[in-house]
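# The amino acid sequence is not available; the structure is as follows:
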């Protein structure tokens, strides 16, 4: 199927944002907003967002990838992933304005782009959002990072004969053992406590995930600490209880993948899994 690409400019909080809309030749009922992780702009690492948008558009889905305020070619002050819900809302509005046939929106995000998608739903409960495609969601905290490192790095390191040989021979500094002890203490601590009245973003993400009535696609990289950290938190933190058994969750683990899916083959896998998921979701709505 043929598609066209065009630049679109739209307003948000007094600033002008720029995006690129990939429009299929036929009317699309499902639109995709690429929620960019940061600090990054609409092209994505290894041009992933460009290639993904074109493949989805060629299969009948309208896709908008855009720059937040303060990033890329958009005006305004730069902001963090947990303060972009107004930008996402503006992007959804312009997509539906440009492609009036779009009835449903899927938010697609990698790393803190995935986090921003969940935070958007937590803040708005936008009924237009029927799907979330989340890749290696960012849930980083001091305690969760320490726990992940202890589980996936130090525990493996301590089982290696070479480590103990280097330690005894003085080739491994005592600092390495001190670091291990500190990480263990952090992992066991309540380091997630916050003095602010506002819930930490991880808990807001969890609330959004568990309350989301639509479909969720979760893609996780096997060679990525961000993905491992997410799984650790989602499996052990009470606020995420039941998240990984969400009734409409489709999960795929790409064992050889790094954080940004940096090879052609990995990016193709991500695009194909996204397309297959969108097709299934769209068919369910058409029944």
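Good, I have the coordinates. Please read these numbers as outputs of a predicted model, since none were measured by experiment.
# helices and strands around the helix or strand that contains residue 88, which ones?
Assigned by DSSP states H and E, residue 88 belongs to helix 85-98. When contacts are defined as 3 or more Cβ pairs under 8 Å, 6 or more residues apart in numbering; DSSP states H and E, helix 85-98 packs onto strand 3-12, strand 15-24, strand 30-35, strand 62-66, strand 104-110, helix 112-124. (C-beta placed from N, C-alpha, C; glycine too.)
# how near is residue 72 to residue 17?
9 Å (Cβ to Cβ, to the nearest Å).
# Between those two, tell me which one has more neighbours.
Between residue 72 and residue 17, counted using other Cβ atoms under 10 Å, the more crowded position is residue 17 (26 against 17).
# quick one: what helix or strand has the nearest residue to that one once chain neighbours are set aside in it?
Leaving aside its sequence neighbours, residue 17 sits nearest to residue 74 (Cβ to Cβ, 6 or more residues apart in numbering; 4.3 Å). Under DSSP H and E, no helix or strand contains residue 74.
# isn't residue 74 right up against residue 90?
No. In this structure residue 74 lies outside contact range of residue 90 using Cβ atoms under 8 Å: 10.3 Å.
# which residues are in contact with both of these two?
Listed as contacting both residue 74 and residue 90 by Cβ atoms under 8 Å, 6 or more residues apart in numbering are residue 17.
# what distance separates the start and the end of stretch 33-45?
17 Å (Cα to Cα, to the nearest Å).
# Give me the mean pLDDT for that stretch.
Mean pLDDT, computed over stretch 33-45, is 93.
# got a list of contacts for it?
Residues contacting stretch 33-45 (Cβ under 8 Å, 6+ apart): 18-20, 49-50, 52-53, 63-68, 71-73, 78, 80-81, 84, 88, 91-92, 95, 105-114, 116-117, 120, 138, 260, 262.
# residue contacts, residue 21?
With Cβ under 8 Å, 6+ apart, residue 21 has these contacts: 5, 6, 7, 8, 62, 63, 64, 95, 98, 99.
# which stretches of the stretch 1-150 of the chain aren't confidently modelled?
142-150 (pLDDT under 70).
# Run through the helices of the protein in chain order.
Here the chain has its helices, by DSSP state H, at 48-58, 85-98, 112-124, 142-149, 155-157, 161-168, 174-188, 201-211, 225-236, 264-286.
# how far is the last one from where the chain is centred?
Put plainly, it is helix 264-286. Helix 264-286 has its C-alpha centroid displaced from the chain centroid by 16 Å (Cα atoms, centre = their mean, to the nearest Å).
# I'd like the helices of the chain as JSON lines, with distance to residue 245 appended.
As requested, those are exported to JSON lines (distance: least, Cβ to Cβ, whole Å):
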{"stretch": "helix 48-58", "distance to residue 245": "28"}
{"stretch": "helix 85-98", "distance to residue 245": "27"}
{"stretch": "helix 112-124", "distance to residue 245": "17"}
{"stretch": "helix 142-149", "distance to residue 245": "20"}
{"stretch": "helix 155-157", "distance to residue 245": "26"}
{"stretch": "helix 161-168", "distance to residue 245": "37"}
{"stretch": "helix 174-188", "distance to residue 245": "25"}
{"stretch": "helix 201-211", "distance to residue 245": "10"}
{"stretch": "helix 225-236", "distance to residue 245": "10"}
{"stretch": "helix 264-286", "distance to residue 245": "18"}
